[in-house]
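[1] The following block contains a protein sequence and its predicted model.
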Amino acid sequence: MLRKALQDNSTTKSRSLWADAWRRFKKNKMAIISLVFLLLLALTGVTTLIIDWVTDDKIYDSLVISQDLSQRFVPPSSEHVLGLDEFGRDILLRILWGTRYSLFMSVAAVLAAGILGTVIGAVAGYYGGKVDNVIMRFMDVVLSLPYMLLAIAIVAALGPGLVNVLISIAIGYVPEFARVTRASVMTIREREFVEAAKAVGATDRNIIFSQILPNAMAPLIVEVTMAIAGAILSIAGLSFLGLGIQPPLPEWGAMLTNARGYIRDAWHITVFPGLVILITILALNIIGDGLRDALDPKLKN
């Protein structure tokens, strides 16, 4: 009975916290605009996946991949809103289809890093002592390496490709999630409801995943938004260096790589992919700032 009461009380408080945070988040107009933009971007990526599945990649092959050198460098017009690139391909369509690589891959990499880092940080923070020292010293070693250099080294060792890029991005963000989770867990583990859960015989796993982590989600959610922004930039950087997603796949960074040699002849083939990267990262950072303010208990009033 006591255990059930503790769980019900924790659930009620959690719902109240998120409802209150959402009310405060809605007051931030820039954060709401950024959220709408990202939802539209995600919807675009899902739509392109559905179109490819329904048409068996025919539209993707004919409009996004196929080349028409007679139409290269066509500037923006009513027919081609963002113009055509150096191979006569529509830049707008390539940006829309590239959402699945730049945005979805970043989300997948950060979620993988977040899950692994959260578990590692929760174990280190809950048990402390030697377990904490061993785990966090290893995380410090990984964190001491420059993030982009680590990603380049991993991709260079494994070879370019979607999976290898995901692995390189995810490994770099695991220590960050581990440190954030550890700090939150070390604060929460001394609270009364955790002591009460131990008193009724709850297992360590149950305490960590049912009592502690639900109350430590606020900083993790903020970290996720910031990490996705960084992952998008990292994927674009790897592609720009030729170590990421390879042509002719329409990833935003790869589009910049292919176009950099023609920037003097056709400004539009570099400006628009760069603007999309800039606006997406800016939107994610604004959302992260809005979530931080909404979830900060000091700002409730």
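    All right, it came through fine.

[2] buried sites along stretch 121-135?
    121-126, 132, 135 (16 or more other Cβ atoms under 10 Å). All C-beta spots, glycine's among them, are computed from the backbone N, C-alpha and C.

[3] so who does I212 touch?
    122, 126, 185, 188-189, 194 (Cβ atoms under 8 Å, 6 or more residues apart in numbering).

[4] How about W22?
    So W22 contacts A294 (Cβ under 8 Å, 6+ apart).

[5] before we move on, the earlier item: which pair in the contacts of I212 spans the largest distance?
    Spanning the widest gap among the contacts of I212 are A122 and V194, at 12.5 Å by Cβ to Cβ.

[6] Dump the buried residues of stretch 121-135 to TSV, plus secondary structure and pLDDT.
    Listed next are the buried residues of stretch 121-135 as TSV, based on DSSP: H, G, I helix; E, B strand; the rest coil; pLDDT from 0 to 100:
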residue	secondary structure	pLDDT
G121	helix	92
A122	helix	91
V123	helix	91
A124	helix	91
G125	helix	90
Y126	helix	88
D132	helix	89
I135	helix	91
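
[7] any chance of the residues you listed in JSON lines, plus distance to V54?
    Conversion of the buried residues of stretch 121-135 to JSON lines gives the following (distance: Cβ to Cβ, whole Å):
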{"residue": "G121", "distance to V54": "42"}
{"residue": "A122", "distance to V54": "42"}
{"residue": "V123", "distance to V54": "45"}
{"residue": "A124", "distance to V54": "47"}
{"residue": "G125", "distance to V54": "47"}
{"residue": "Y126", "distance to V54": "48"}
{"residue": "D132", "distance to V54": "51"}
{"residue": "I135", "distance to V54": "47"}
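
[8] ok, so of the residues you listed, who is nearest H268?
    G121 (44.7 Å).

[9] Pretty sure that closest one sits against E176.
    No - when contacts are counted by Cβ atoms under 8 Å, G121 is not listed as touching E176 (9.5 Å).

[10] So, low pLDDT: which residues of the protein?
    Counting by pLDDT under 70, the chain has low-confidence residues at 1-17, 296-301.

[11] Would you map the helices across it?
    2-26, 29-55, 58-59, 91-97, 99, 105-127, 129-144, 147-158, 162-188, 192-199, 204-206, 217-240, 252-259, 268-295 (DSSP state H).

[12] I'd like those laid out as CSV, including distance to S66.
    Shown next, in CSV, are the helices of the chain (distance: least, Cβ to Cβ, whole Å):
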stretch, distance to S66
helix 2-26, 43
helix 29-55, 14
helix 58-59, 11
helix 91-97, 11
helix 99, 20
helix 105-127, 24
helix 129-144, 43
helix 147-158, 28
helix 162-188, 21
helix 192-199, 60
helix 204-206, 53
helix 217-240, 21
helix 252-259, 15
helix 268-295, 17
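
[13] measure the residue nearest in space to the middle of the chain to V64 for me?
    Among the residues of the chain, the one closest to the centroid is I228, at 2.3 Å (Cα atoms, centre = their mean). Note on I228: its distance to V64, by Cβ to Cβ, to the nearest Å, is 24 Å.

[14] same question, L233
    Taking Cβ to Cβ, one finds L233 at 23 Å from V64.

[15] Ok, L149 next?
    Distance from L149 to V64, by Cβ to Cβ: 32 Å.

[16] and what of N28?
    36 Å.

[17] out of those two, which sits in the more crowded spot?
    V64 (21 against 18; other Cβ atoms under 10 Å).

[18] Pretty sure the more buried one sits against L249.
    No - assessed by Cβ under 8 Å, V64 is found out of contact with L249, at 9.2 Å.

[19] Tell me the residues that contact both of those two, please.
    What both V64 and L249 touch, as defined by Cβ under 8 Å, 6+ apart, is an empty set.

[20] what sits against M226?
    M226 neighbours (Cβ under 8 Å, 6+ apart): 284-285, 288.

[21] sorry, that was for L162
    L162 neighbours (Cβ under 8 Å, 6+ apart): 101, 105, 245.
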